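Asker: After the sequence you'll find the predicted model.
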Amino acid sequence: MTAHPHSWLRLLVAALTATAGTLVATSSPAAAFVPKTPPMTTPWTNQVSLTNPLPEYPRPQLTRPDWQSLNGIWQFAGAANINTPPVNQTLGEEVLVPYPIESALSGIQRHQDFMYYRRTFTVPAAWSGRNVRLNFGAVDWQSKVWVNGTLLGTHEGGYDKFSYNITAQLRAGANEIIVGVWDPTNGQDIPVGKQRTNRGGIFYTPSSGIWQTVWLEPVTPAHVTRLDTTPNVAAGGLDLVVQGTQAGAAVTAQVLSGGTVVGTANGTTGTSFRVPVPNARLWSPDDPFLYTLRVTMAGGDAVGGYFGMRSLGKAMLGGVLRPTLNGRFVFQLGTLDQGYWPDGIYTAPTDAALAFDLEQQKALGFNMVRKHIKVENDRWFYHADRLGLMVWQDMPALASGREPSSAGRTRFEKELREMVDEHKGITSIVQWVPFNEGWGEYDAGRIADLVKSWDPTRLVNHNSGSNCCDSDPDPGNGDVIDDHQYVGPGITRPPTATRIAVNGEYGGLGLRTSNEWPTAGKFAYEWLPDSNALTNRYIAITNRLVDLINGNGLSGSVYTEPTDVEEELNGFFTYDRQIRKMDFARARDVHLRVLGAANGTTLSLNKPVSLRVTTAGYTDRYLRHRDGAARTDVIGAGSSTGDKQDATFIVRAGLSNGACYSFESRNFPGSYLRHRAYRVYSEPNSGGTFAADATFCARPGLSGGGTSLESANTPGYYLRHRSEEVWIDPNNGGSFTADATWAVTAGWWRSGADLPVGQRRSFRVTTAGFDTRYLRHRDGLARTDVINSGSVAADRLDATFIVRAGLAESSCFSLESANYPGQFLRHAGYRLQKAASDGSITFQQDATFCAQQPLNGGGGNVSLESFNYPGYHVRHRAEEVWIDSPSGGSYAADATWNNAAPLG
């Protein structure tokens, strides 16, 4: 950092205020204001105006034509408390508002528990006769505000807006405003999100003081204070509550589209009324159309706003509970957006920067963003609305690792209510998230119900990551089951009849670059060596979402994260937004594939699947073949091996069209589902039209969820069940759309390849140059070593395993040590090791592997997929053996084993 000529005086002021605990006043500021040099600059750092930073109108949902920004250079001083305002005193430093004081852009770049801001302002003469309000977007955490020496009030809460009527305190000419702030950050039980005074790792620099726009506006004595907009698609209108300073005042609302009024209604403040929106154009990520709203109130106040027409809910679609947008299942594919900046910390340097992060996420193919334990300014939500990005809105967490006090709970619930109330009119918000991973969690069931009572129109996720970390036991209520899994993705719990299932965090893949926050302790959940490896790994793990959507009922996912944040290097971008760390085009392609899986058009190739009936009352039936003919039967955990295998098919690229699919019998390789005289059979390839007859194109489920399979050579005809039989038919009404919609689930027979149960086998490495090595255990850990007939007996026995039916699933396998009976290979922390069963479900699952056709091909070869981490295979890395998901390079070979004769 370059020293300023007068930095010695600034340091003296800081030292005095820190040690003496008194406010230091000087006759004039120490020097002309110069921002500090940030540890990293963004493309917008040098675009920040020192006279009018963030000049955009700060409140797009409640607009008025007249306003005056108070952003800019204020005087500043640290203090011992905020009980003695420095009225008519010149403070010793200057700060650029609205950047938090820890940021370089603020010009302070240090933390203070107590501080004062001071400036003067003049009210425009044209505002004469109207009330003047002083508005704050957000101040962290407690603030006291004085105008011309009069205390206006005390506000607590770092993420909600507040304002004061200052008309009575104004005088002609210059007026003085003083803001005192106390911000203990995590030193007290207050909502802080990821701010920590002792920052590092996944916790970041505090953002104290004024961090959103401060501004003045003139209003009529009776005026509108908030617009609560609720689109009511079913009723064809906007349900509107106009909040105002005068209860029961008459109001008129107009809805406009493209400048044309399309609906008008009259009502009164404080009471809901409906404004018609005929033939509404519905808001969605694909078409984020926004209507304009104009509201006038008796007494002369007039405000503007906007909204999108859309419906939110959840519904059983394709036999799985799904979140709905406008009545359709739209998979919510998002990122963990933390909203931090190296130059402005909590505050983006410019509005263009604020929009940039969201624009880039949309361009990457994401349709959702999880705003992670922070509440952004109103313009951020406007950008999400206009871009078409759904939002999961987290509540900023209390500090983790301690039980919240009674005072902390009171503060949390007050700010939680403010967050919900202030953002009811945000179109893009689809889900509220009160808690994250149990940080500061208490009474989660009650809190979820409380949020639902405040806003019944959106889904409530009681605790994102309720499967991990500090989480209390799941209370079982709310609308969402949310698992976190790093690296993942994955979920441990299926959806229920009342709660959808999402993977609220996964990923965290890291890459070191030349552009990093200049501190030690870099963090990622997994490191990759270069951009190509990172891209390959990202595509591999994100492809897993396809199977999770189809087979496990997954309805949403959140990748960590769009940008690096301080030491945390998991981003698509570096922290300064200067370097793209992945190939964005390839990342977008995999996102489109995932969204295709959600709308029923993408299936994973070469995987065992079962096709479940979705018609109400018959959802325990599966398509299966019996005596050659396809039919549906009830298949369950207690069904015979033959029935489970008959109801399992391997998905292949379409025999006549590679863009479509064919379904090969699991237990009769070479036989495929095909139609003949419209009836469907499982038969071997007989030539002629067989390839076309056995090819089906995946379409969005005709009943609104799942997958429908259209015949490739008889367009308009779909695979459907009639009673117990299976045919291809055109839509003939009745229950056809449900009968022709299938839930593509994990195969009833989970293994796509066979191992000989009860026999001894050894597993040889197939990677070129290492194929004399075998999977073995040594000192409890699995590894590979060169072993042959000349090796000592102990080594040969260590590399020999008895194949058992899977401890957790009989269609998979467990590998018992030949020389340590009762001990099995299992994974723990992803590393493979030998251990005796402790009888737990976790052990049984960790020690169960589903045999699949070899990822790298070859006769006699097999790949071993983890039962409880689908998509993760047993693979060797150097000499060690792990479960791992595809990462490119030699992965396919490393995860392919030759099923060899036993060595011992």
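Answerer: Great, that's in hand.

Asker: Show me the helices in the protein, by range?
Answerer: Assigned helices in the chain, in chain order: 7-20, 351-363, 378-387, 406-422, 444-454, 531-552, 584-598, 641-646, 690-693, 736-739, 793-798, 841-846, 891-894 (criterion: DSSP state H).

Asker: Phe307 is nearest to which of those helices?
Answerer: helix 378-387 (8.5 Å; CB to CB). For glycine as for every other residue, the C-beta is placed from the backbone atoms N, C-alpha and C.

Asker: how far does the closest one sit from the chain's center?
Answerer: On the basis of CA atoms, centre = their mean, to the nearest Å, helix 378-387 sits 17 Å off its chain's mean C-alpha point.

Asker: who touches it?
Answerer: 56, 58-61, 137, 161, 283, 288, 290, 306, 308, 339, 351, 354-355, 358-359, 362, 369, 371, 391, 423, 426-429 (CB atoms under 8 Å, 6 or more residues apart in numbering).

Asker: go on, stretch 627-644?
Answerer: With CB under 8 Å, 6+ apart, stretch 627-644 has contacts from 610, 613, 618, 620-626, 647, 667, 673, 679-683, 721, 724-726, 748-749, 810-811.

Asker: just stretch 351-366 next, same as before
Answerer: By CB under 8 Å, 6+ apart, stretch 351-366 touches 42-44, 47, 54, 56, 285, 333-335, 337, 339, 341, 348, 369, 376-377, 379-380, 383-384, 387-389, 562-563, 572-573, 577, 584, 587-588, 591-592, 595.

Asker: Which of these are buried? Put it as a ChimeraX command.
Answerer: Buried residues among those (16 or more other CB atoms under 10 Å), as a ChimeraX selection:
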select :42,44,54,285,333,334,335,337,339,341,348,369,376,377,379,380,383,384,387,388,389,562,563,572,573,577,584,587,591,595
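
Asker: Find me the pLDDT at Gly822, would you?
Answerer: pLDDT recorded at Gly822 is 95.

Asker: Just give the number of residues close to it.
Answerer: 9 (other CB atoms under 10 Å).

Asker: Spit out the contact partners of the nearest residue to Ser671 once chain neighbours are set aside.
Answerer: Nearest residue to Ser671 in three dimensions, chain neighbours excluded: Ser665, at 4.2 Å (CB to CB, 6 or more residues apart in numbering). Taking CB under 8 Å, 6+ apart as the contact definition, Ser665 lies against His625, Asp646, Phe649, Ile650, Ser671, Tyr672, Leu673, Ser682.

Asker: If we use 10 Å, what do you get?
Answerer: 624-625, 645-646, 648-650, 671-673, 682-684 (CB atoms under 10 Å, 6 or more residues apart in numbering).

Asker: Pro231 too?
Answerer: Pro231 touches 237-240, 277, 280, 282-283, 291, 307-312, 326, 425, 427, 457, counting by CB under 10 Å, 6+ apart.

Asker: Any of these buried? List them.
Answerer: For the contacts of Pro231, buried by 16+ other CB under 10 Å: 237-238, 240, 277, 280, 282-283, 291, 307-312, 326, 425, 427.

Asker: Can you read off the pLDDT for Gly871?
Answerer: Confidence for Gly871, expressed as pLDDT, is 82.

Asker: Could you do Leu11 as well?
Answerer: 28.

Asker: picking up where we left off before, for Leu702, which of the helices of the chain is the nearest?
Answerer: Using CB to CB and comparing those, the one that lies nearest Leu702 is helix 736-739, at 4.0 Å.

Asker: That closest one packs against which elements?
Answerer: strand 718-722, strand 725-729 (3 or more CB pairs under 10 Å, 6 or more residues apart in numbering; DSSP states H and E).

Asker: now that helix: how far from the chain's centre is it?
Answerer: The answer for helix 736-739 is 33 Å, by CA atoms, centre = their mean.

Asker: can you list contacts of it?
Answerer: 318-319, 613-619, 632, 701-704, 706, 708, 718-723, 726-727, 729-732.

Asker: Now the buried members of these.
Answerer: Applying 16+ other CB under 10 Å to these, the neighbour count classes 318-319, 613-615, 618-619, 632, 701-704, 706, 708, 718-721, 726-727, 729 as buried.

Asker: Check which residues of stretch 197-210 are buried.
Answerer: Quick answer for stretch 197-210 (16+ other CB under 10 Å): Thr197, Arg199, Ile202, Phe203, Tyr204, Thr205, Pro206, Ser207, Ser208, Gly209, Ile210.

Asker: hmm, which two among those are most spread apart?
Answerer: Maximum distance among the buried residues of stretch 197-210 (CB to CB): 26.0 Å, for Ile202 and Ile210.

Asker: contacting residues for the residue nearest in space to the middle of the chain?
Answerer: In the chain, the C-alpha nearest the mean C-alpha coordinate belongs to Val558, at 2.9 Å (CA atoms, centre = their mean). Taking CB under 10 Å, 6+ apart, we find Val558 in contact with 332-337, 366, 368-370, 372, 392, 464-465, 482, 484, 489, 502-507.

Asker: Now with 6 Å, please.
Answerer: Val558 is in contact with Gly334, Leu336, Arg370, Gly504, Glu505, counting by CB atoms under 6 Å, 6 or more residues apart in numbering.

Asker: go on, Glu156?
Answerer: By CB under 6 Å, 6+ apart, the neighbours of Glu156 are Gln142.

Asker: again, 7 Å this time
Answerer: Taking CB atoms under 7 Å, 6 or more residues apart in numbering, we find Glu156 in contact with Trp141, Gln142, Arg411.

Asker: Tell me the bridge partners for it.
Answerer: Gln142 (DSSP bridges).

Asker: gap between it and Asn788?
Answerer: 73 Å (CB to CB, to the nearest Å).

Asker: One more: Gly860?
Answerer: Gly860 is 18 Å from Asn788, by CB to CB.

Asker: List the contacts of the spatially closest residue to Gly705 that is not a sequence neighbour.
Answerer: Among residues not flanking Gly705 along the chain, Leu317 sits closest, at 2.5 Å (CB to CB, 6+ apart). Going by CB under 7 Å, 6+ apart, Leu317 touches Phe329, Gly704, Gly705, Gly706.

Asker: Output those as JSON lines; include the columns distance to Pro98 and pLDDT.
Answerer: Output for those, formatted as JSON lines (distance: CB to CB, whole Å; pLDDT from 0 to 100):
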{"residue": "Phe329", "distance to Pro98": "40", "pLDDT": "95"}
{"residue": "Gly704", "distance to Pro98": "46", "pLDDT": "85"}
{"residue": "Gly705", "distance to Pro98": "45", "pLDDT": "85"}
{"residue": "Gly706", "distance to Pro98": "49", "pLDDT": "90"}
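
Asker: Could I get those in TSV, plus columns for distance to Tyr538?
Answerer: What follows is the contacts of Leu317, written out as TSV (distance: CB to CB, whole Å):
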residue	distance to Tyr538
Phe329	25
Gly704	31
Gly705	27
Gly706	27
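
Asker: Out of those, which is nearest to Ile883?
Answerer: Gly706 (29.9 Å).

Asker: check contacts around the closest one.
Answerer: So Gly706 contacts Leu317, Gly318, Gly319, Gly600, Thr614, Thr741, Trp742, Ala743 (CB under 7 Å, 6+ apart).

Asker: want to try a markdown table for the helices and strands packed on helix 736-739, with distance to Asp795 and mean pLDDT as columns?
Answerer: What follows is the helices and strands packed on helix 736-739, written out as a markdown table (distance: least, CB to CB, whole Å; pLDDT from 0 to 100):
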| stretch | distance to Asp795 | mean pLDDT |
| --- | --- | --- |
| strand 718-722 | 53 | 97 |
| strand 725-729 | 53 | 97 |
